[in-house]
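In: sequence? don't have it. structure:
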């Protein structure tokens, strides 16, 4: 089972941020901390994705989309 797009995006931002931190700091502790943080974040995201979403999201888009201009005038 994969992650939803929003959670996948959070993981990718975390991984890219961790890589930037690792590149610009040369400590073994930083590398290990980044790996542990990303692993814990991935585990939490997968557990959250397996459960039913507690947040009820509304539909973003209407059923139909129209370019018709709304006007109070009736042209018969």
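Out: Good, I have the coordinates. Please read all numbers here as calculations on a predicted model, not as lab measurements.
In: need the contact partners of the biggest helix by length in the chain.
Out: For the chain, the helix with the greatest residue count under DSSP state H is helix 28-50. Residues external to helix 28-50 that are found in contact with it (Cβ atoms under 8 Å, 6 or more residues apart in numbering): 1-4, 7, 10-11, 14-15, 18, 21-22. Glycine gets a C-beta too; all of them are placed from N, C-alpha and C.
In: go with 7 Å
Out: Residues from elsewhere that reach helix 28-50 (Cβ atoms under 7 Å, 6 or more residues apart in numbering): 1, 3-4, 7, 10-11, 14-15, 18, 21-22.
In: and residue 14, what element?
Out: Element membership of residue 14, judged by DSSP states H and E, is helix 5-24.
In: circling back: the longest helix of the chain versus helix 5-24: what angle between them?
Out: 180 degrees (axes from the mean of the first three to the mean of the last three Cα atoms, to 10 degrees).
In: tell me which residues in helix 28-50 are buried?
Out: The neighbour-count check on helix 28-50 (16 or more other Cβ atoms under 10 Å) flags 34, 38, 41-42, 45 as buried.
In: any idea of the mean pLDDT in it?
Out: The pLDDT scores in helix 28-50 average 88.
In: picking up where we left off before, ok, residues contacting the helix holding residue 14?
Out: So helix 5-24 is contacted by 3, 30-31, 34, 37-38, 41-42, 45, 49 (Cβ under 7 Å, 6+ apart).
In: go with 10 Å
Out: Defining contact as Cβ atoms under 10 Å, 6 or more residues apart in numbering, one finds that helix 5-24 is touched by 2-4, 27, 30-31, 33-35, 37-38, 41-42, 44-46, 48-49.
In: do the same with stretch 65-76
Out: By Cβ under 10 Å, 6+ apart, no residue outside stretch 65-76 reaches it.
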